[in-house]
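Engineer: Sequence and predicted structure are below.
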Amino acid sequence: MPEWTHIAVRSIVAVAVLFLLTRILGKKQISQLTFFEYVAGITLGELAGFISTDIGAHFMLGIAAIAVWFSVPLLFELISLRSKRIRELVEGKGTIFIKEGKVLEENLKKERYSADELLGRLRKKNVFNMADVEFAVLETTGELSVLLKPEHQPLTPKKLGIAVGPERETQTVIMDGSILDEPLAAYGLSREWLLTELEKIGVTLENVFLGQVDAYGQLRVDVFDDMLQLPQASQKETLFATLKKCEADLALFSLATEKFAAKRMYGRCSEQMAKVVEAVTPLLKR
């Protein structure tokens, strides 16, 4: 067998083995790594490269070395799931850099972090004023987690006392001009409904690059023809306006009639409609 063929075969086998082992080790191997995972990942890559090109070395000896370097991290990972002490030994512990708004200089020195590096990490978290930080910790993966002081945290509907409706995953139902039946069925929708919605906005299926249905059943599309102007979806706005109009009409009828029974009936209906509008506002005004 020619040398180049030998190397090609060994490389293909090494790549296949390395890919399989990485899949078994899981997504942590390709995310932010701990010290142990970092060392294991580099060594596995080096071993795979070595057995691919060193024709003089026995191929199975390289596979055995890879198996050992695969088994040890996997074993420690399984043990660390059950033992906090082993987990801290293998992965380390987070280091607090800022606590109650105060920088802990000793911890910075322990991790060999300068003030400039800390400020740079804060800027990556969109924090440009250190006085805004309540708590910051350097995680075992090297990522800096930051908690802002309450007055600098972004507002949420909960803080404003606003009730919001449940959110569902947006489903992609059209891709590259082809209908995806499984995501469409997940929302209980049919191809006929989809084609009708496309007809409403005057777009053909073949011209749709990407089409998505949101949690409220609204179809939003992006077309291949970037010059084509699409009408904005307004079902929610139209429904909300209709409900408000019904409430206003009932109140107007109550004021217009002179009959006591009718005035009372219209007034009661207006109050009920107002409660309906209040209940659906979080779903329609977002």
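Structural biologist: Looks like it arrived, so ask away.

Engineer: quick one: the strands in the stretch 51-200 of the chain?
Structural biologist: With strands called from DSSP state E, counting those that start in this stretch, the stretch 51-200 of the chain shows them at 95-99, 102-103, 133-138, 144-148, 171-175, 178-179.

Engineer: Indicate each strand paired with the third one and its parallel or antiparallel sense.
Structural biologist: Think strand 133-138. Strand 133-138 pairs in its sheet with strand 95-99 (antiparallel), strand 144-148 (antiparallel), by DSSP bridges.

Engineer: Now that we have the strands of the stretch 51-200 of the chain, can you turn them into a markdown table and tack on mean neighbour count and mean pLDDT?
Structural biologist: The way it works is simple: take the backbone N, C-alpha and C, and place the C-beta from them, glycine included. Compiled in a markdown table, these are given as follows (neighbours: other Cβ atoms under 10 Å; pLDDT from 0 to 100):
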| stretch | mean neighbour count | mean pLDDT |
| --- | --- | --- |
| strand 95-99 | 17 | 93 |
| strand 102-103 | 12 | 93 |
| strand 133-138 | 20 | 94 |
| strand 144-148 | 16 | 93 |
| strand 171-175 | 19 | 92 |
| strand 178-179 | 12 | 91 |
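
Engineer: I'd like these as CSV, with distance to Ala279 appended.
Structural biologist: Supplementary listing: the strands of the stretch 51-200 of the chain in CSV, determined by distance: least, Cβ to Cβ, whole Å:
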stretch, distance to Ala279
strand 95-99, 43
strand 102-103, 46
strand 133-138, 36
strand 144-148, 33
strand 171-175, 26
strand 178-179, 35
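
Engineer: Select, out of the ones you listed, the one closest to Leu198.
Structural biologist: Comparison of the strands of the stretch 51-200 of the chain against Leu198 by Cβ to Cβ identifies strand 171-175 as nearest, at 8.4 Å.

Engineer: ok so, going back, looking at the strands of the stretch 51-200 of the chain, which is nearest to Val208?
Structural biologist: For the strands of the stretch 51-200 of the chain, the distance to Val208 is smallest for strand 171-175, at 4.8 Å, taking Cβ to Cβ.

Engineer: which secondary structure elements does that closest one contact?
Structural biologist: If you count contacts as 3 or more Cβ pairs under 8 Å, 6 or more residues apart in numbering; DSSP states H and E, strand 171-175 packs onto helix 181-186, strand 208-213.

Engineer: So which of the ones you listed is the most surrounded?
Structural biologist: strand 208-213 (a mean of 19; mean count of other Cβ atoms under 10 Å).

Engineer: Contacts made by that strand with the rest, please.
Structural biologist: Taking contacts as Cβ atoms under 8 Å, 6 or more residues apart in numbering, the residues outside strand 208-213 that touch it are 170-177, 183-184, 187, 189, 194, 198, 219-224.

Engineer: between the very next helix or strand once past it and strand 208-213, how many degrees?
Structural biologist: On the C-terminal side of strand 208-213, the closest following helix or strand by DSSP states H and E is strand 219-223. Per axes from the mean of the first three to the mean of the last three Cα atoms, to 10 degrees, the angle that strand 219-223 makes with strand 208-213 is 170 degrees.
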